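1. how would this look folded up:
(chains A, B, C and D)
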4 protein chains.
Amino acid sequence: MPVTEDQLAEIEAQRAETAPTRRVVARGMEERLYTLHPVLDHGFVRVIDYMGDDAAICQAARVSYGRGTKAVSNDEGLIRYLMRHWHSTPFEMCEVKFHIKLPVFVARQWIRHRTANVNEYSARYSILDREFYIPAPDALAAQSTVNHQGRGEVLEGEEAARVLEILKADSARSYDNYEAMLSQDGQKGLARELARMNLPANIYTQWYWKCDLHNLFHFLRLRADSHAQYEIRVYAQTMCEIVADWVPLAFKAFEDYRMGGVTLSAPAMDCVRRMLKGETVTQENSGMSKGEWREFEAAIRSN
Amino acid sequence: MPVTEDQLAEIEAQRAETAPTRRVVARGMEERLYTLHPVLDHGFVRVIDYMGDDAAICQAARVSYGRGTKAVSNDEGLIRYLMRHWHSTPFEMCEVKFHIKLPVFVARQWIRHRTANVNEYSARYSILDREFYIPAPDALAAQSTVNHQGRGEVLEGEEAARVLEILKADSARSYDNYEAMLSQDGQKGLARELARMNLPANIYTQWYWKCDLHNLFHFLRLRADSHAQYEIRVYAQTMCEIVADWVPLAFKAFEDYRMGGVTLSAPAMDCVRRMLKGETVTQENSGMSKGEWREFEAAIRSN
Amino acid sequence: MPVTEDQLAEIEAQRAETAPTRRVVARGMEERLYTLHPVLDHGFVRVIDYMGDDAAICQAARVSYGRGTKAVSNDEGLIRYLMRHWHSTPFEMCEVKFHIKLPVFVARQWIRHRTANVNEYSARYSILDREFYIPAPDALAAQSTVNHQGRGEVLEGEEAARVLEILKADSARSYDNYEAMLSQDGQKGLARELARMNLPANIYTQWYWKCDLHNLFHFLRLRADSHAQYEIRVYAQTMCEIVADWVPLAFKAFEDYRMGGVTLSAPAMDCVRRMLKGETVTQENSGMSKGEWREFEAAIRSN
Amino acid sequence: MPVTEDQLAEIEAQRAETAPTRRVVARGMEERLYTLHPVLDHGFVRVIDYMGDDAAICQAARVSYGRGTKAVSNDEGLIRYLMRHWHSTPFEMCEVKFHIKLPVFVARQWIRHRTANVNEYSARYSILDREFYIPAPDALAAQSTVNHQGRGEVLEGEEAARVLEILKADSARSYDNYEAMLSQDGQKGLARELARMNLPANIYTQWYWKCDLHNLFHFLRLRADSHAQYEIRVYAQTMCEIVADWVPLAFKAFEDYRMGGVTLSAPAMDCVRRMLKGETVTQENSGMSKGEWREFEAAIRSN
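-> Numbering: from 1, shown residues only, chains lettered A, B, ... in the order given. You can find the predicted model right below:
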């Protein structure tokens, strides 16, 4: 069951209403507020509230009385300096609250980020909706042969069809049986907190998730990364687009120094210096293991 | 698949070995170390390591150079004073690390306690075992008619049989299909990180979970409480027994002031004072709502 | 040096400006925004930003799509239920950011609350102002004779005068010497990060401090309590007044269940039950120590 | 007043005693236990307790039943992999507790690391000792002319003498007056919680500080860094030596990937790639600001 007409009407009603505030307002974020950004087949990301903007980061860094300098160029320089030198506290002064709908197996990864506030829809208290994540054909991949926790080639033909058939049939049957156990029609009806144990990890749940900008960047760096599992990465990417509209200067700094940044080890930096002096460096004389060398080569050769 | 012979042998080997240490040693906890304490049908709690004892709480509270006073009675008085007056930091000076095996739906509740360190067995990287929680007959309860998130009467007869049959059959089928999708026999084999989504919430997972004593007490107060879901409460109760052996003075104070303690609201304290002066107080003249009055009555009448 | 004319003008400029927002707006809090609430002789509390209101607590608890029920009575009941049953996560969905000026010895107590975000004015980077906390005459108290960490009778006459004279003279001298060491007039000038070590703990510092409502309530319960040191209590009390305007329903629940609530131990509850049955209970037959009994008597006899 | 004979005797008594334990024992750390490692003129670092070792990191990463592989080479590879790929949770499975004596201005920086447990000696409850940090001559530096929060050239001659004289005289006078205000000889005596406000930031305090290895590494990376203030850096360096004895494999990985590692931004990596292809890159065509380019040049040219 998708988002209902009533729910969409509630969202539109929220978007239609504005009220005056003395607080800092981030124009780009106001445009995003409440709107349902679809992710995967039934999931979404919605911004419910936010606090602060690029200027608020600088205001906190300066512990200033007013809004501080109006020169955007000064703010940009300061924000980039703060990001480059790992000054995390000014970024913690911005906060954002999302409403997110996501499969349980994604939620289980996500919740490992402990520095956020979370209110999850309770399956002890309520009955979950019949909504399951069924991967699109191009997301159905085989186990990676090089990475123990990644995925490799896309499945094709009959194998892909079998997998989709299994996922759909097992989802449907487990939900039918969930309802059958809960039913109070001619029987007592199993407690919700017990019946839920029959539901597979591709069922959707939803939560309110609130986080400060510093910790959100940490989350995004790990989860929007190409090594993250596809199903959480698409959420992170959607959130990146939203954050870019909210705090454009901070997001640009984040992209340059974190997302696009590379941490080179002491031996790797040593190799870079030798190579820049014209020396031929190979894995054998690099002081790095084969795995490290492979990652190093990828970093300095890419693009 | 239960704990294997090899695993039991590893546990016995760990228990057989001792080495000298200059650290504080808690005799009662040494007895517990590594032993597998069974919980539910396939779960367990094992202590892997610990830091500190009752005396270490006092030592930290006094910021002392040595082990501090040797008089146990002084330590007991101090520990009770600290607990009564919500001095949390000395209790944070003790730490414990558990290895726990538990159903996924229990793990999902548990992980909401964010102040612990956790390493969970990864279903992206590894294949989960075929182990599912199937409730014992007396744990199969109906939805509560008074509490939206609790359970009521035990299910009986055919209804109970139907529920058990569903849980067993769906577990078996979902695991068969999990294996079928993973299989590389004549096909590529679905990535582990995807195949896991077919597994229901009663499958077992395991983790290393490390926590300081203050936050462990907070966890135990909520989860060993009679309102907690049975399936997490049995873990908390097992941990209570372990903690009682580890820090007996602190655990006694915890029992008296937290587990057995009752927080009465300002209006409720006012009623107690009026009642002690001989006044007849009823819900109507109590200043409390019906729900609050019911909870108040239960607190002052129960023995 | 007090707040300057320029700073006051900046504050007024911020207050004069409003902009439309789609976010939840708390009318009572808008009135407070940016205004400098004086505390002690040179300190203050200012609200810089906030997120959420009473309804946002309920919206998160219900994980709802819209603003949820419009009936305030429903929200009130839900908020009181959540507070009474220690459901902390919905209260974490509100956030507030303060700008605070406070003596260093108060800041040292305050910072022990670790669940907030903080940006402090840096004395490595900047030169502190010549502002010191000098207690008002009625705040100059003797060491308590019953409480090792409290204060007792107010000092009078010559003793009070001597103390004030010392505090003023030492503050002035230490600041003069701070400036003398920093000066680059005819000398190199000591680094700021070193010169600051000469400044006493009654000098004022300032910071931006951001916290969610749940953790703010925890802070206020401990620091607005009558056992807290006067100099931090006055900050907490000012913040209580602000929070009461921001989230009136949540604040009332906090007052009833936390500030005005009393946690009675298991033995104490047992005594209450015996007393309500007409039994005469004394410390001797109470199962409580003298200290516990004294606190118990104070709780049930007060008012 | 330095550490007393009695305190040293207590320390020796603790070191002399050993007891058998089933827990993991880190031989290198046992040697360090309780010993007072001097820092600055009156400060110290002492290890009070620890949990885990290099193998415990791997055991948690593998969620294993026993001690896991005995091959040190496997553990080393795994630890380096975990560190390189920012897997923080296995490092959180080790814990250490220190007793530290340090000047208040250092403590104020230190406490900003919020992920540790702390019990500080209370100046509300107790009277502080007459011990002040007076910098050694070569630590008396001028304000940096290039870095707003750093120090530059060492002060010399009369200026250095004047500064030392001020620090000593002001420390002595403030402590004399602290005692005079506290005295109950012929007067009531000011409360401790008030009298302490006269003490300058170079007075020593002490605390118990407990932290997991992941967060300790984060602390050490920032505070053992050459940009950290000298007075906190010497504590961090002492702790580095201790950690190297405790978890040698993890510490080596930390040195290679964190302490000695360099994070290059996306534009900086782009420059490296262009330079390795033989292109001449200058600040002008680098896409970096002057500040970024200066830091970049320092990173790739230094040896």
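2. Show me which residues of the stretch 1-150 of chain A are close to chain B?
-> A:103-105, A:108, A:111-112, A:114-115, A:118, A:122, A:124-125, A:133, A:135, A:139-144, A:148-150 (Cβ under 8 Å from any Cβ of the partner chain). From N, CA and C alone the C-beta is placed, and that goes for glycine too.
3. of those residues, buried ones?
-> Among these, those scoring as buried are A:103-105, A:108, A:111, A:118, A:122, A:124, A:133, A:135, A:139-143, A:149-150 (criterion: 16 or more other Cβ atoms under 10 Å in any protein chain shown).
4. Helices - which of these land there?
-> The members of these that map onto helices under DSSP state H are A:104-105, A:108.
5. The stretch 51-200 of chain A: strands as residue ranges?
-> Applying DSSP state E, counting those that start in this stretch to the stretch 51-200 of chain A gives strands spanning A:95-103, A:117-120, A:141-143, A:151-154.
6. Can you list the strands that the second one pairs with?
-> Read that as strand A:117-120. strand A:204-212 (antiparallel) (DSSP bridges).
7. ok, then the element right after the partner strand?
-> Reading on from strand A:204-212 to the C-terminus, the next helix or strand found by DSSP states H and E is helix A:213-223.
8. and that following helix, what's its mean pLDDT?
-> Summarised as a single mean, pLDDT over helix A:213-223 is 97.
9. residues making contact with it?
-> A:52, A:57, A:88-89, A:91-96, A:110, A:113, A:115-116, A:211, A:228, A:232-233, A:235-236, A:239-240, A:243, A:247, A:250, A:254, A:258-259, D:86 (Cβ atoms under 8 Å, 6 or more residues apart in numbering or on different chains).
10. Check stretch A:167-177 too.
-> Counting by Cβ under 8 Å, 6+ apart, A:130, A:132, A:134-135, A:198-200, A:202-203, B:166, B:170, B:173-174, B:177, B:197-198, B:200 sit against stretch A:167-177.
11. what's the answer for stretch A:246-260, then?
-> So stretch A:246-260 is contacted by A:26, A:28-29, A:32, A:50, A:52-54, A:57, A:72, A:75-76, A:79-80, A:82-84, A:91, A:94, A:96, A:213, A:217, A:220-221, A:224-225, A:240, A:243-244, D:263, D:265-267, D:269 (Cβ under 8 Å, 6+ apart).
12. Could you export the strands of the stretch 51-200 of chain A as a markdown table, including mean pLDDT?
-> Listed next are these as a markdown table, based on pLDDT from 0 to 100:
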| stretch | mean pLDDT |
| --- | --- |
| strand A:95-103 | 98 |
| strand A:117-120 | 96 |
| strand A:141-143 | 92 |
| strand A:151-154 | 92 |
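13. Does whichever strand or helix holds residue A:298 pack against any helices or strands, and if so which?
-> Per DSSP H and E: residue A:298 is located in helix A:290-301. Under the contact criterion of 3 or more Cβ pairs under 8 Å, 6 or more residues apart in numbering or on different chains; DSSP states H and E, helix A:290-301 touches strand A:262-264, helix A:266-276, helix D:72-84, helix D:266-276.
14. nearest residue to the residue in the stretch 101-250 of chain A that chain C sits nearest to other than its sequence neighbours?
-> Going by Cβ to the nearest Cβ, chain C is nearest to residue A:117 of the stretch 101-250 of chain A, at 3.8 Å. Nearest non-adjacent residue to residue A:117, counting by Cβ to Cβ, 6 or more residues apart in numbering or on different chains: residue C:92, 3.8 Å away.
15. what sits against that neighbour?
-> A:117, A:210, C:212-215.
16. ok, the residues you listed vs chain D, which is closest?
-> Nearest to chain D among those, with distances taken as Cβ to the nearest Cβ, is residue C:215, at 12.0 Å.
17. mind checking how far that closest one is from residue C:110?
-> 13 Å (Cβ to Cβ, to the nearest Å).
18. Over to residue A:294?
-> Separation of residue A:294 from residue C:110 (Cβ to Cβ): 49 Å.
19. Tell me which of those two has more neighbours.
-> Per other Cβ atoms under 10 Å in any protein chain shown, whichever of residue A:294 and residue C:110 has more neighbours is residue C:110, with 19 against 13.
20. Now do the same contact list for that one.
-> Applying Cβ under 8 Å, 6+ apart, the residues near residue C:110 are C:102, C:209, C:223, C:232, C:235.
21. again, only this time at 6 Å
-> Taking Cβ atoms under 6 Å, 6 or more residues apart in numbering or on different chains as the definition of contact, residue C:110 has no neighbours.
22. Look at it and report its pLDDT.
-> For residue C:110, the pLDDT comes out at 96.
23. Point out the residues in chain A that sit beside chain C.
-> Counting by Cβ under 6 Å from any Cβ of the partner chain, the positions of chain A adjacent to chain C are A:7, A:10, A:18-23, A:25, A:30, A:33, A:49, A:51, A:60, A:63, A:65-66, A:89-90, A:92-93, A:95, A:117, A:119, A:121, A:206, A:208, A:210.
24. In ChimeraX, how would I select the buried members of the residues you listed?
-> Selection command for ChimeraX covering only the buried members of the residues of chain A next to chain C, criterion 16+ other Cβ under 10 Å:
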select /A:10,21,22,23,25,30,33,49,51,60,63,65,66,89,90,92,93,95,117,119,121,206,208,210
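25. Could you tell me which of the residues of chain A next to chain C are located in helices?
-> Checked against DSSP H, the residues of chain A next to chain C include these in helices: A:7, A:10, A:30, A:60.
26. That'll do, ta.
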